[in-house]
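Asker: Pasting the sequence and the predicted model now:
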Amino acid sequence: MKKKLFSVILFVTCGGLTACGVTHEYKQPDVAFPEGYRGGKSIAKESPADSSVALLPYKAFFADSKLLALIDSAVAHNIDMQIALKNIDYAHESLNVAQLGQLPTLNVEVQYTKSKSNQYLAGGVLQWEADIWGKIRSKKKSALANYLKTGEAAKAVRTKLVAEVASGYYNLLMLDTQLEISRKNLDFADTTLKMIRLQFDAGQGTSLGIQQQEALRQNIAGSLPVLEQKISAQENALSILCGSMPGDIKRERTLLSTKVADSLPAGIPSALLQNRPDVREAELALRGAHADMGTAKASLYPSLTLSAKGGVEAVKASDWFNLPGALLGSVQGGLLQPIFQRGQLKAQYNQSKIVRDKAELLFKSAVIQAVGDVSNALVKLDKVKEQEVFVEQRSTTLHKAVDNAGLLFTAGMATYLDVLTAQSNSLQADLDLASVRSQHLTAMSDLYRALGGGWR
């Protein structure tokens, strides 16, 4: 009878080794990608997937050596980045645990029983659960998906970090430029004020002209402390991103001398499945939820456990070593079918299906959001480029107007109001040009991030 029972258990076990899981294999959900991104002239719809700037490492995308040094420091020392890397380490240990799931467990036991005669027992119990329904395999798949997901999360942190450092650096260059423009205009306002006072002393002007020019000068002078405070705050923000205490930030280029790319190929939308870390993270979360659903369903079915027990047994502890007389051993097999817990297990399985469906919706949402991010970045880049052309032309025109107003005022052919208006308009145009150039550079890094660049 025991021999027959063992044969049945062995047959079921061998069948379980090759049995399929109770849930179907994971299949990536169908996503209807558009042929190209909506809006933007920076890329053709037929652009191949491997032409995207997202494939470029950040060291090849950014040209400013000081900016690259900042990004390197941020990647190495940023606190959020280090936390993301620790999450990867933790998930890796969880994966190691899951991969040991199909190995048998061994417990050592020592017993002493006192009755009419003493009994001493020492041995080990080896237990192993046959993975008939794929429950253990599903747990391994879930652990693997979670491990890979933490890796993609770290890549997403890095992509965001690179873009934030670049944006902060370009904003710092803009503030430097605005401060330099304001100081030059302050010097020019001082010169104009002296000229108006000389004409007033010569009886060719009024005190109103002096007051107006003084007010313009005071307005320019008052903007300098504000810009200096913003520069300090931006330097501190960049220092913190780099994981260091607030301090000075080195930069060698001016904003208007920084290289600006005119065309940034974005590839095709379906490439986001591979290039965007957050999209990959969302799909891995779906894979994990699918595997968890398989684990929950497998729990509804009987589990087969084999156990082997071996050791030594004797009436006296000293007789343990009287072999083979003291040896004991047994092999047992059990098939456990949940009955009273079935309602609870069924509810847990239904919950796992809901979690899986929710994860699929989140994946699709991440894809749609990614396509939207790229489309918005493309439109922003194109429109900022168009705006920069007009603002630059306006700045050039108003610089000429200031020169002409000064000459005409000296010749008595223009009033001080003409000079004030020309100066004020020129100052604002220069500040606008610095702002638009900064937006242009930031739009480049935003598109780079939207496409999934920066983690390679």
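Answerer: Perfect, thanks for sending it.

Asker: now the helices for the stretch 201-350 of the chain?
Answerer: 207-241, 272-275, 277-298, 342-410 (DSSP state H, counting those that start in this stretch).

Asker: roughly how far is the first one from the heart of the chain?
Answerer: The one in question is helix 207-241. 36 Å (C-alpha atoms, centre = their mean, to the nearest Å).

Asker: Low-confidence bits of the chain, can you list those?
Answerer: 1-23, 40-51, 92, 94-136, 138-139, 143, 260-262, 300-342 (pLDDT under 70).

Asker: run the last query once more with 50
Answerer: Judged against pLDDT under 50, the low-scoring parts of the chain cover residues 1-20, 42-46, 101, 103, 106, 112, 315, 320, 325-328.

Asker: centroid residue for this protein?
Answerer: Nearest to the mean C-alpha position of the chain, by C-alpha atoms, centre = their mean, lies Ala156 at 1.9 Å.

Asker: packing partners for the helix or strand that it is a member of?
Answerer: In this structure, Ala156 sits in helix 135-201 according to DSSP states H and E. The helices and strands touching helix 135-201, judged by 3 or more C-beta pairs under 8 Å, 6 or more residues apart in numbering; DSSP states H and E, are helix 65-77, helix 79-99, helix 207-241, helix 277-298, helix 342-410, helix 416-450. In short, each C-beta sits where N, CA and C put it, glycine included.

Asker: could you check the angle helix 207-241 makes with that helix?
Answerer: Interaxial angle, helix 135-201 versus helix 207-241 (axes from the mean of the first three to the mean of the last three C-alpha atoms, to 10 degrees): 160 degrees.

Asker: tell me the angle of helix 135-201 relative to helix 416-450?
Answerer: 170 degrees.

Asker: between helix 135-201 and helix 277-298, how many degrees?
Answerer: On the basis of the same axes, to 10 degrees, helix 135-201 is oriented at 160 degrees to helix 277-298.

Asker: returning to that earlier point: please produce a markdown table containing the helices of the stretch 201-350 of the chain, extended by mean neighbour count and distance to Leu420.
Answerer: Shown next, in a markdown table, are these (neighbours: other C-beta atoms under 10 Å; distance: least, C-beta to C-beta, whole Å):
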| stretch | mean neighbour count | distance to Leu420 |
| --- | --- | --- |
| helix 207-241 | 16 | 6 |
| helix 272-275 | 22 | 53 |
| helix 277-298 | 23 | 52 |
| helix 342-410 | 17 | 9 |
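
Asker: Report the spatially nearest residue to the residue nearest to the centre of the chain, omitting neighbours in sequence.
Answerer: Residue nearest to Ala156 in three dimensions, not counting chain neighbours: Pro277, with 3.9 Å by C-beta to C-beta, 6 or more residues apart in numbering.

Asker: ok, now how distant is that neighbour from Arg137?
Answerer: Applying C-beta to C-beta, to the nearest Å, the value for Pro277 to Arg137 is 27 Å.

Asker: Same question for Leu286.
Answerer: For Leu286, the distance to Arg137 equals 18 Å [C-beta to C-beta].

Asker: quick revisit: residues touching the residue nearest to the centre of the chain, list them.
Answerer: Applying C-beta atoms under 8 Å, 6 or more residues apart in numbering to Ala156 gives the contacts Pro277, Asp278, Glu281, Trp455.
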